[in-house]
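Chemist: Here you go, sequence then predicted model.
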Amino acid sequence: MLSFETLSKTYADGTQALSAVTLDVAQGEILALVGGSGCGKTTLLRLIAGLDRPSAGRILLDGEAIAEPRADVGVIFQEPRLFPWLSVAENVGFGLSHLSAFEREGLVTNALVRVGLGGHDRRWPRELSGGQQQRVAIARALVTRPKLLLMDEPFSALDATTRASLHGHLLALWGESRPTVVMVTHDVEEAVTLADRIVVMQPKPGRVFDAFDNPLARPRDRLSPAFEAAKREILRSLDRSLRDEAPHQQKAAETAGMWW
Amino acid sequence: MSALGIETAADEQGGPARPRPRRAGVALAGFALPVVLAVLWEIAVRSGFANGRLMPPPSVVGATLWSLAASGELFTHAAATLWRVAAGFALGAAAGTLLGAVTGALPVARGLIDPTLQALRAIPSIAWVPLFILWLGIFEASKVALIAVGVFFPVYLGVAAAIQGIDRKIVEVGRVFRLGRLAMARRVLLPAILPAWITALRSGLGLGFMFVVAAEIMGASEGLGYLLVDGQQLGRPDTIIAAIISFAVLGKLADGLLVALTRPVLAWQDTARDKL
């Protein structure tokens, strides 16, 4: 459904954020990208969202190359990024301006109820807590019924309890229309809780180090030994991805050869 | 989750109810000092401790204001002053907004125009007066031009800074929802700069009142500034003070009107607008 073909991204300052990433994501799958800082996971997400252009390679969504933001791709950022001058309901309905007011209102009310914020329609974002704001952002991204949902560490700024409850909300919403989800996280436990497949990325330059199919059936018990085992396996892989120094030397050799 | 709900509900209950009596109290407290001083001065003059010729007591100033108002003179002067401020403010605010928007949005325009404008800003605006009088004559046009120059700079700087300061992250949300240029300007950029724009307009308006005084002192046959000069030449400090008070009242009213007109579009703002 979504595939990356030798995707590379080099920024204007010469930083190579992604190098030849090739990966396929299946329809309805939840894919988690984990990795140390600078491994290009956020860059990858921005490329899929069409907010940045790849330097080489391409991203295909249902066979179509992504070059700009698309209507059927929803994005949830690390911060809620709500419009402070719009009420909660207007924020959720932001992407529905092509619909009639009546239709929009129905969808928005429904979306707010499903993230547990029914009755908050007319409040300003500033009146909500961080967790509530992020739920509004989730509603805003899902109300347009995207077939692909991108999430960039959406819960990282929240406390553990709020995060756990949002995981529940998210899985419930995902269960309704089963969009494909690509999420970036630095929290391995979050990845094991939510994802069907977990891709470990390696920094400098960012590339795929390893991938794991999550063997656990939903709903997942965070306290079960199997959950712990899966978590530990991924943590070990993460450790190895950061210890592996070979690419550094290789890069040094490359730059040395190109000094002139 | 319910804990978060409780927290915000409590905020809401406590928010609007509390400040009201306190605000009224603070406002009254602010009147105490001037009123006490005025009463003391009145007593001092009446009991013969001071003669009050150069600094007339409140009762004399009040009587002068009243007679000026009764003869209709005060309104003629106030109307002339208000007209000049309004015309200069409209011109200066429009030009400031337009150029501020252009230099804020287009780096090329910023590189071309901004240095010149910054250099012009360094000139004390009163220094333009002789030139404006040569160019535009001694009547209304030169006065309006001076006020427009005064209003222009704060508005220009405010708008340009606001546009450059727009949060990239929130613009990105607009891109994710695939807004075109026009929709992006209308639905994201404009609301984002609105608070800063209104603040800029308010400081522009304040400067407009400052410059109308300068313009009218330098030569006018009517206007509150003319009343100032008239009082000085006739040796009537009560007229001068009456004109000063009228300026203060008009300035405050104009600012209040601007705030009241813009309040509905800024209802979402977190800042305590009451204290402005």
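Modeler: Everything's here; your move. Residues are numbered from 1 along each chain as shown, chains lettered A, B, ... in the order given.

Chemist: for the residue in the stretch 151-260 of chain A that chain B sits nearest to, helix, strand, or coil?
Modeler: Minimum separation of the stretch 151-260 of chain A from chain B (Cβ to the nearest Cβ) falls at A:Ser165, amounting to 5.3 Å. Every residue, glycine included, has its C-beta placed from N, CA and C. When classified by DSSP: H, G, I helix; E, B strand; the rest coil, A:Ser165 comes out as helix.

Chemist: So it versus A:Leu82, what's the distance?
Modeler: 19 Å (Cβ to Cβ, to the nearest Å).

Chemist: Those two - which one has more neighbours?
Modeler: Legend: neighbour count by other Cβ atoms under 10 Å in any protein chain shown for A:Ser165 and A:Leu82, higher for A:Leu82 (24 against 17).

Chemist: Wasn't the more buried one part of a strand?
Modeler: No - assessed with three-state DSSP, A:Leu82 is coil; it does not lie in a strand.

Chemist: could you list every residue that touches the nearest residue to it once chain neighbours are set aside?
Modeler: Distances taken as Cβ to Cβ, 6 or more residues apart in numbering or on different chains place A:Pro125 nearest to A:Leu82, at 4.1 Å, with adjacent residues excluded. A:Pro125 is in contact with A:80, A:82-84, A:86, A:88, A:91, A:133, A:136, counting by Cβ atoms under 8 Å, 6 or more residues apart in numbering or on different chains.

Chemist: Tabulate the residues you listed in CSV, adding columns for pLDDT.
Modeler: What follows is the contacts of A:Pro125, written out as CSV (pLDDT from 0 to 100):
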residue, pLDDT
A:Pro80, 91
A:Leu82, 93
A:Phe83, 93
A:Pro84, 91
A:Leu86, 92
A:Val88, 93
A:Asn91, 93
A:Gln133, 92
A:Val136, 93
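
Chemist: List just the nearest of those to chain B.
Modeler: Once Cβ to the nearest Cβ is applied, the member of these that ends up nearest chain B is A:Pro84, at 5.6 Å.

Chemist: separation between the closest one and A:Arg222?
Modeler: Taking Cβ to Cβ, one finds A:Pro84 at 35 Å from A:Arg222.

Chemist: do A:Ala157 as well
Modeler: In terms of Cβ to Cβ, A:Ala157 sits 20 Å off from A:Arg222.

Chemist: Please apply the same query to A:Glu105.
Modeler: 38 Å.

Chemist: For those two, indicate the residue with more neighbours.
Modeler: A:Glu105 (15 against 12).

Chemist: Backbone dihedrals for the more buried one, please?
Modeler: With angles defined as degrees, to the nearest 10, A:Glu105 sits at phi -60, psi -40.

Chemist: residues contacting it?
Modeler: A:89, A:93.

Chemist: confidence score at it?
Modeler: pLDDT for A:Glu105: 90.

Chemist: So, low pLDDT: which residues of chain A?
Modeler: Counting by pLDDT under 70, chain A shows low-confidence ranges at A:244-260.

Chemist: one more time with 50
Modeler: A:249, A:253-260 (pLDDT under 50).

Chemist: Can you show me the helices along the stretch 151-260 of chain A?
Modeler: Assigned by DSSP state H, counting those that start in this stretch, the helices in the stretch 151-260 of chain A fall at A:160-177, A:188-194, A:225-243, A:246-257.

Chemist: now the stretch 101-250 of chain B
Modeler: Using DSSP H, counting those that start in this stretch, helices in the stretch 101-250 of chain B cover B:107-121, B:129-136, B:140-164, B:168-176, B:181-184, B:190-217, B:224-233, B:237-262.

Chemist: Of all the residues in the last one, which ones are buried?
Modeler: So that's helix B:237-262. Residues of helix B:237-262 classed as buried under the neighbour-count rule (16 or more other Cβ atoms under 10 Å in any protein chain shown) are B:237-244, B:246-247, B:250-251, B:254-255, B:258, B:262.

Chemist: and A:Val34, that's in a strand?
Modeler: Yes - according to three-state DSSP, A:Val34 belongs to a strand.

Chemist: Can you get me the start-to-end distance on stretch A:153-164?
Modeler: 14 Å (Cα to Cα, to the nearest Å).

Chemist: what's in contact with that stretch?
Modeler: Residues contacting stretch A:153-164 (Cβ under 8 Å, 6+ apart): A:42, A:76-79, A:130-131, A:134, A:137-138, A:166-167, A:183-187, A:190, B:1, B:4.

Chemist: one step back: distance to A:Arg240 for the contacts of A:Pro125 - can I get that in JSON lines?
Modeler: Converted to JSON lines, these look like this (distance: Cβ to Cβ, whole Å):
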{"residue": "A:Pro80", "distance to A:Arg240": "35"}
{"residue": "A:Leu82", "distance to A:Arg240": "39"}
{"residue": "A:Phe83", "distance to A:Arg240": "43"}
{"residue": "A:Pro84", "distance to A:Arg240": "44"}
{"residue": "A:Leu86", "distance to A:Arg240": "46"}
{"residue": "A:Val88", "distance to A:Arg240": "44"}
{"residue": "A:Asn91", "distance to A:Arg240": "42"}
{"residue": "A:Gln133", "distance to A:Arg240": "37"}
{"residue": "A:Val136", "distance to A:Arg240": "39"}
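
Chemist: I'd like the distance from the one helix or strand A:Val92 maps to to the chain centre, please.
Modeler: Using DSSP states H and E, A:Val92 maps to helix A:88-92. Centre-to-centre, helix A:88-92 and its host chain are 22 Å apart (Cα atoms, centre = their mean, to the nearest Å).

Chemist: Which strands and helices lie in contact with that helix?
Modeler: Helices and strands touching helix A:88-92, by 3 or more Cβ pairs under 8 Å, 6 or more residues apart in numbering or on different chains; DSSP states H and E, are helix A:101-114, helix A:130-142.

Chemist: Tell me the buried residues in the last one?
Modeler: Within helix A:130-142, the residues that qualify as buried are A:131-142, counting by 16+ other Cβ under 10 Å.

Chemist: what's near enough to touch residue 200?
Modeler: No chain in the question, so chain A it is. A:34-35, A:208-212, A:234, A:237-238, A:241.

Chemist: could you do chain B instead?
Modeler: B:96, B:100, B:154-155, B:157-159, B:162.

Chemist: B:Leu189 now?
Modeler: B:163, B:166, B:171.

Chemist: Tell me what A:Leu23 is bridged to.
Modeler: A:Phe4 (DSSP bridges).

Chemist: hmm, back to that, now, the most widely separated pair of the buried residues of helix B:237-262?
Modeler: For the buried residues of helix B:237-262, the farthest-apart pair by Cβ to Cβ is B:Pro237 and B:Thr262; their separation is 37.6 Å.
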